[in-house]
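> generate a structure from the sequence data that follows.
(chains A and B)
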Amino acid sequence: MDVQEVRKEFPILHQQVNEKPLVYLDSAATAQKPLRVIEAVDDYYRRYNSNVHRGVHTLGGMATDAYEGAREKVRSFIGANTTEEIIFTRGTTTSLNIVAHSYARAFLKEGDEIVLTPMEHHSNIIPWQQAAKVTGATLKYIPLQEDGTITLEDVKKTITNHTKIVAISHVSNVLGTMNPVKEITRMAHEQGAITVIDGAQSAPHMKINVTDLDCDFYAFSGHKLGAPTGIGVLYGKKALLEQMEPVEFGGEMIDFVDLYDSTWKELPWKFEGGTPIIAGAIGLAAAIDFLEDIGMDQIHQHETELVNYAFEKLQTIDDLSIYGPRKRAGLITFNLESVHPHDVATVLDAEGIAVRAGHHCAQPLMKWLDVTATARASFYLYNTFEEIDILTDGLLKAKEYFGDVF
Amino acid sequence: MSFNGNLDTLYRQVIMDHYKNPRNRGKLNGDTLHIHMNNPTCGDRIELQLKIEDDKVTDVKFLGEGCSISLSSASMMTEVIKGLPVDEALDISHIFSQMMQGESYDEEKYDLGDLQALEGVRKFPTRIKCATLAWKAMEKGLKEQENN
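Sure, this is the predicted structure:
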């Protein structure tokens, strides 16, 4: 793949920040948007903005076709069997909350176990904590190895026949660890548990096939793969979704409404109360088209090369610690000894480089790493090797700057 | 060294001095107001202890983890408010907040000590919350005390 050609599709990348060319290394927080997405949303609002699934007018029909077409696009993107299994949500957080609310609270009881890992994002911890409080279920954690990975042996030990749900990130947003979710799902199923995969950091970066993984739920966000903010996906196996009650009630999700009771639409609409995120879904379809034209395997390959290069380069900097395993997804979390990550990020910002500094919504993991905050550089299809050189130079400047004032 | 003038406004020598040699860092014994506060978006945290006698801040110490801006601001704050009546400490906190928001403030009313070195922070809007953490902790403690 030709990165320079890819970059032409991203208008935001061609600007100066603090009088330096922008080096955007924060795609794990949110990805930049290709022109195709911006234009698809623009086109919808200019030409056929209408509500969906109601009325008989022409524009309503166009909007419905585009919205449901986006659902089919997502189905094929993640290898689901039917569009009944694709629910549009606000993002990964909402998707995980739907499972925790509608599935966990209905089917868990005292003595049941929910298995997690300490590397989870807050959005894959707190919904389960809340579900456990309500149902009397308990939380268990698969321990981390020193390099921030988990072993299948520990997975096997942690999941028991009391385990009902295993909720785990496909890729850690801090460590870059790629978890063997297919094997974990097999082990969970052997014990009669279901798996909920947080795909926020995997769906944008690698080919996903939920049928092959055999996971029961898979959640991801559109904005991390180039779609607008506010659109996400919950994939769920049809047999499970059918047993679940909606979380939000109101317009759009009903079949018949009487004064004292109502019935729900069939899947997937029973989970989509209210006017849906139409423009977001249309933008998501455009983003998926864009990524698939380039090829998910090519994107993954490019990011792997970038992160390997970055790993080598950053390791040459004295007093810089990298967190997580050597084999990793396209992000690097690090700290410079004696320079707080906020200060690192501010010095880098002065060089036009955008990185994330903070706890990355993973406070339990920060505790495990024994740090309060870290800096993170994350890569996407539009990043270049030159940008990693600029990052390295920026880090050397930060070190020099803070070394000098002390 | 100065590779960037803007950065120098943020990280002035006096700020770095407080960061490297924080004043009043540690713990107080005995009866004190004890406030824990953190910045949930970034993980900075402060533990502030205030000894109040006859409506005066007779002693103050802090512990915490954070960036150069949040820790130097805490250090400067303890220096400025130590020995002041509670109402004056709160008044200075108000002045500091005006300074951070780029509003005009009365420079003459109190001896602001090294605090004015933090004025450059307001050019870095994403860092203002670092500078104000310790002050919010102080205000929380003193206001709770007043209400009791």
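
> backbone dihedrals for A:Ile168, please?
Per-residue torsions, A:Ile168: phi -150, psi 150 (degrees, to the nearest 10).

> check contacts around it.
If you count contacts by C-beta atoms under 8 Å, 6 or more residues apart in numbering or on different chains, A:Ile168 has them with A:115-117, A:120, A:124, A:142, A:179, A:181, A:184, A:195-198. C-beta: built from backbone N, CA, C; applies to glycine.

> A:Met296 reaches A:Asn209, doesn't it?
No: here A:Met296 lies out of contact with A:Asn209, judged by C-beta atoms under 8 Å, at a distance of 10.4 Å.

> so which bits of chain B are right by chain A?
By C-beta under 8 Å from any C-beta of the partner chain, the residues of chain B that approach chain A are B:1, B:3-4, B:6-7, B:10-11, B:13, B:16, B:20, B:41-45, B:65-70, B:124, B:126-127, B:130.

> among the residues you listed, which are located in helices?
B:Asn6, B:Leu7, B:Leu10, B:Gln13, B:Met16, B:Lys20, B:Ser68, B:Ile69, B:Ser70, B:Cys130 (DSSP state H).

> once you drop chain neighbours, what's closest to the first one?
The shortest distance from B:Asn6 to any non-neighbouring residue, by C-beta to C-beta, 6 or more residues apart in numbering or on different chains, is to A:Ala350 (6.2 Å).

> got a list of what the one you found touches?
A:Asn18, A:Lys20, B:Asn4, B:Asn6, B:Leu7.

> please apply the same query to A:Val181.
Counted by C-beta under 8 Å, 6+ apart, A:Val181 has contacts A:Ile168, A:His170, A:Thr195, A:Ile197, A:Leu213, A:Cys215.

> quick one: the residue nearest to the fifth one when sequence neighbours are not counted and B:Glu108, what's the gap?
Yep, that's A:Leu213 we're talking about. Of all residues beyond its chain neighbours, the one nearest A:Leu213 is A:Lys182 (5.0 Å), with distances taken as C-beta to C-beta, 6+ apart. To B:Glu108, A:Lys182 is 69 Å away according to C-beta to C-beta, to the nearest Å.

> try B:Ala117
In terms of C-beta to C-beta, B:Ala117 sits 17 Å off from B:Glu108.

> how about B:Gly43?
In terms of C-beta to C-beta, B:Gly43 sits 37 Å off from B:Glu108.

> the two: which has the busier surroundings?
B:Gly43 (22 against 6; other C-beta atoms under 10 Å in any protein chain shown).

> let me see the contact set for the residue in the stretch 51-200 of chain A that chain B sits nearest to.
For the stretch 51-200 of chain A, the residue closest to chain B is A:His122, as judged by C-beta to the nearest C-beta, at 10.2 Å. Applying C-beta under 8 Å, 6+ apart to A:His122 gives the contacts A:Cys361, A:Ala362, A:Gln363.

> quick check on the residues you listed: which are buried?
Buried subset of the contacts of A:His122 (neighbour count, 16 or more other C-beta atoms under 10 Å in any protein chain shown): A:Cys361, A:Ala362.

> what subset of the contacts of A:His122 is also close to chain B?
Near chain B, by the rule C-beta under 8 Å from any C-beta, you find A:Gln363 out of these.

> good, we can wrap up now.
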